[in-house]
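Colleague: give me a 3D structure for the following:
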Amino acid sequence: MRIFTWHTHGRYLQSLSNISHEIFVPFKQDRSNHYVGRGDTYHFPRNVYEVPVDFIKDLELDCIVFQSREHYEVEQHWLLSPAQRKLPRVYIEHDPPLSHPTEAIHSVQDPDVLLVHVTHFNRLMWNSPGVRTVVIDHGVQMPAGVRYSGELPSGIAAVNNIALRGRRLGFDVLQAVQAAAQVHIVGMGAEAIGGPGEVAPLELAEYESHYRFFLNPMRWTSLSMAVCEAMHVGMPILGLATTEMSTVIRNGVEGYIETDIDRLCEHARRLIADPQEAAELGQRARETAQRRFGIARFVADWEAALALATGASPPPAARSELEVTVP
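Modeller: Here you go, the predicted structure:
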């Protein structure tokens with residue numbers, strides 16, 4: 001199939017590019033947000049093509065994949081042709097509702113659109129009555145040979161612009177844990193709060209692997225792919241017992257999650273003092289990530305979802321247990 005989507009989340013597009021179809025992404029000359037084309041941050045395979053926005057209407061396509069409210073409500077109407085807007089459509093919901101945790105109505109109200117949530121928590125919180133809905137857990141690819149060593153007596157967190165994004169992304173949680181134990185922060189804007197700044201995404205796994213644990217301070221967001229990647233490396237995870245994190249990390253197994261920040265700080269101090277416990281937790285985190293967030297399962301789920309959306313026959317390799325619900 002020939003699939004059109006936007007370059008919204010580079011990590012996610014990199015995982016999605018493993019499917020057996022062609023993916024077309026738009027670009028503007030200024031390479032502005034969501035219109036960067038392939039970009040130069042990730043190494044996409046040759047099935048990902050960038051197309052100038054002025055030529056999108058001329059493409060022969062089989063499916064449109066939206067990844068934001070702006071794409072669905074506004075941008076498709078000037079970017080796509082009338083015929084393209086009648087093609088099979090999929091909407092990837094990357095976030096839980098931000099306006100209200102339980103009463104928010106999802107933008108997609110068309111029963112012909114397949115709504116794909118990246119976590120079960122997202123599906124739980126969004127109200128999308130009458131819309132076909134599936135959940136596809138993250139799948140991540142890791143650089144070969146990168147494994148946890150954890151020799152640095154410090155934790156690490158990776159969040160872009162955390163100081164500007166505030167409580168939702170857990171800036172205050174990060175500060176509380178930093179007051180109790182050493183935790184470094186990387187990401188865009190980290191220089192302003194004492195961090196080294198952004199680490200190139202393709203280098204981040206190796207960079208993080210030397211730290212004792214990975215801290216995810218986010219209160220209200222979808223499951224961060226950075227958590228999945230850190231688990232694949234073999235890092236123990238500390239975070240909050242909220243959103244999808246509560247289904248991923250078991251206390252004393254893959255790491256520790258708490259709603260009590262003081263207890264989270266205690267775990268941080270103990271893991272810095274006990275590299276053996278950290279290594280054991282990290283090994284189990286890696287095993288969990290390989291089972292739950294493997295790229296082969298992710299690809300099979302997406303092959304099945306695209307076949308469902310378009311009415312095509314899924315390829316033999318797409319052995320998926322994808323469950324469709326209509327709230």
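
Colleague: list the buried residues of the lengthiest helix in the chain.
Modeller: In the chain, taking DSSP state H as the definition, the longest helix is helix 275-292. Buried residues in helix 275-292, counting neighbours by 16 or more other Cβ atoms under 10 Å, are found at 275, 277-279, 281-282, 284-286, 288-289. For the C-beta atoms, the positions are set from N, CA and C on the backbone; glycine is no exception.

Colleague: same check on stretch 152-171?
Modeller: 152, 154-159, 162-163, 169-171.

Colleague: what would these look like in a markdown table with secondary structure?
Modeller: Rendered in a markdown table, the data for these read as follows (DSSP: H, G, I helix; E, B strand; the rest coil):
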| residue | secondary structure |
| --- | --- |
| L152 | strand |
| S154 | strand |
| G155 | strand |
| I156 | strand |
| A157 | strand |
| A158 | strand |
| V159 | coil |
| I162 | helix |
| A163 | helix |
| L169 | helix |
| G170 | coil |
| F171 | helix |
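
Colleague: which of those sits closest to Y91?
Modeller: The shortest approach to Y91 among those belongs to L169, at 23.6 Å (Cβ to Cβ).

Colleague: looking at the buried residues of helix 275-292, spot the one nearest Q141.
Modeller: A289 (11.8 Å).

Colleague: which one is the residue positioned nearest the centre of the chain nearest to, not counting chain neighbours?
Modeller: Centroid-nearest residue in the chain, with Cα atoms, centre = their mean: M225, separated by 3.9 Å. Leaving aside its sequence neighbours, M225 sits nearest to R11 (Cβ to Cβ, 6 or more residues apart in numbering; 4.7 Å).

Colleague: let me know the pLDDT of the one you found.
Modeller: If you check R11, the pLDDT there is 95.

Colleague: burial of it, as a residue count?
Modeller: For R11, the tally of surrounding residues (other Cβ atoms under 10 Å) stands at 19.

Colleague: which SSE is it in?
Modeller: helix 10-16 (DSSP states H and E).

Colleague: which residues touch that helix?
Modeller: Helix 10-16 is contacted from outside by 5, 7, 23, 25, 39, 41-44, 48, 67, 92, 94, 118, 138-141, 201, 225, 229, 295, 298, 302, using Cβ atoms under 8 Å, 6 or more residues apart in numbering.

Colleague: residues in contact with the nearest residue to P111 once chain neighbours are set aside?
Modeller: Closest residue in space to P111, ignoring its immediate chain neighbours: G130 at 5.3 Å, by Cβ to Cβ, 6+ apart. G130 sits next to 109, 111, 326-327 when contact means Cβ under 8 Å, 6+ apart.

Colleague: distance check, G130 against L115.
Modeller: 10 Å (Cβ to Cβ, to the nearest Å).

Colleague: go on, N160?
Modeller: 26 Å.

Colleague: and this protein, what are its domains?
Modeller: Using automatic domain parsing, the domains assigned to the chain come out as 2-139+295-310, 152-292.

Colleague: buried deepest among those domains, which one?
Modeller: domain 152-292 (a mean of 19; mean count of other Cβ atoms under 10 Å).

Colleague: which residues in the stretch 151-300 of the chain form helices?
Modeller: For the stretch 151-300 of the chain, the helices defined by DSSP state H, counting those that start in this stretch cover 162-165, 171-180, 201-208, 225-233, 245-248, 261-273, 275-292, 295-310.

Colleague: swap in the stretch 1-150 of the chain?
Modeller: Going by DSSP H, counting those that start in this stretch, the stretch 1-150 of the chain shows helices at 10-16, 69-70, 76-79, 120-125.

Colleague: in TSV: those helices, plus distance to R269.
Modeller: What follows is those, written out as TSV (distance: least, Cβ to Cβ, whole Å):
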stretch	distance to R269
helix 10-16	31
helix 69-70	41
helix 76-79	50
helix 120-125	29
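
Colleague: great, nothing more from me.
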